[in-house]
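Visitor: give me a 3D structure for the following:
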Amino acid sequence: MHRLRRPTAYDFSQMSAYFVTVAVNRSEPVLGDVVNNNVWLTDTGQAVTQTWDSLPAALPGIIPDSFVIMPNHIHGVVFVPRQENPLPALEAVLRAFKSLSTLACNGQLGRTGGRFWQHGFEYHLLHDEADLKRARQYITEDPARWDEDDYNPARVVQVI
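Guide: Numbers count the residues shown, from 1 in each chain. Below is the predicted model of the structure:
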């Protein structure tokens, strides 16, 4: 599912923008399936979408932007208010996202608890509109690259 929002231009002096990746624990493909370069979400994937969309209500000042759910990971762009060191704010955003979505996803999967997401996350600071444009393009095109994706379990090669 692609979620591409195109609000007015961001003032990078006021907001820090990040491209983030969060992977499902053990790379379980429980969020959806890629069929003909489109992602078809499971109920669990829908729960992740709802959590992403609800971030501004849970964390005022946070602006979720472009977003894609893949079968076992997500990519998104998120804006946080600029601070001296904005990384702790980003960590708080991702911690909240993972916590809230874990509750919803484990419920969808009939689990009573346990880790849903892998520990940590990957991020890249987006410095300007050109970086933002590249991140949005990557998100838009990611389902078409699923066959070559490092997260795709079908790409796992056993070494003999």
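Visitor: mind listing the strands the strand or helix carrying residue 39 pairs with, and their directions?
Guide: Here residue 39, judged by DSSP states H and E, is contained in strand 38-41. Here strand 38-41 is paired, per DSSP bridges, with strand 32-35 (antiparallel).
Visitor: how far does the partner strand sit from the chain's center?
Guide: 16 Å (CA atoms, centre = their mean, to the nearest Å).
Visitor: list of residues touching the strand holding residue 39?
Guide: Residues from elsewhere that reach strand 38-41 (CB atoms under 8 Å, 6 or more residues apart in numbering): 1-2, 31-34, 45, 49, 68-71, 143. Every C-beta, even on glycine, is put in place using the N, C-alpha and C of the backbone.
Visitor: list only buried entries from the residues you listed.
Guide: 1, 31-32, 34, 45, 49, 68-71, 143 (16 or more other CB atoms under 10 Å).
Visitor: how near is residue 47 to residue 62?
Guide: Distance, residue 47 to residue 62, by CB to CB, to the nearest Å: 19 Å.
Visitor: repeat for residue 71
Guide: Taken as CB to CB, the span from residue 71 to residue 62 is 26 Å.
Visitor: do residue 39 as well
Guide: From residue 39 to residue 62 the distance is 24 Å (CB to CB).
Visitor: quick check, residue 136 in contact with residue 66.
Guide: Yes: contact status for residue 136 versus residue 66: in contact at 4.5 Å, counting by CB atoms under 8 Å.
Visitor: just the CA trace of stretch 32-49, in PDB.
Guide: Output in PDB follows, covering the C-alpha atoms of stretch 32-49 (Å, rounded to 0.1, in the frame of the first residue of the first chain):
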ATOM      1  CA  GLY A  32       0.700  -8.500   3.100                       C
ATOM      2  CA  ASP A  33       1.600 -10.000  -0.200                       C
ATOM      3  CA  VAL A  34       3.200  -8.400  -3.300                       C
ATOM      4  CA  VAL A  35       1.200  -9.300  -6.400                       C
ATOM      5  CA  ASN A  36       1.900  -7.700  -9.800                       C
ATOM      6  CA  ASN A  37       4.000  -5.000  -8.100                       C
ATOM      7  CA  ASN A  38       1.200  -4.100  -5.700                       C
ATOM      8  CA  VAL A  39       1.000  -4.800  -2.000                       C
ATOM      9  CA  TRP A  40      -2.200  -6.400  -0.800                       C
ATOM     10  CA  LEU A  41      -2.400  -5.900   3.000                       C
ATOM     11  CA  THR A  42      -3.500  -8.400   5.500                       C
ATOM     12  CA  ASP A  43      -5.600  -7.300   8.500                       C
ATOM     13  CA  THR A  44      -2.200  -7.000  10.300                       C
ATOM     14  CA  GLY A  45      -0.900  -4.700   7.600                       C
ATOM     15  CA  GLN A  46      -4.100  -2.700   7.900                       C
ATOM     16  CA  ALA A  47      -3.400  -2.300  11.700                       C
ATOM     17  CA  VAL A  48       0.100  -1.000  10.900                       C
ATOM     18  CA  THR A  49      -1.400   1.500   8.500                       C
END
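Visitor: done for today, thanks.
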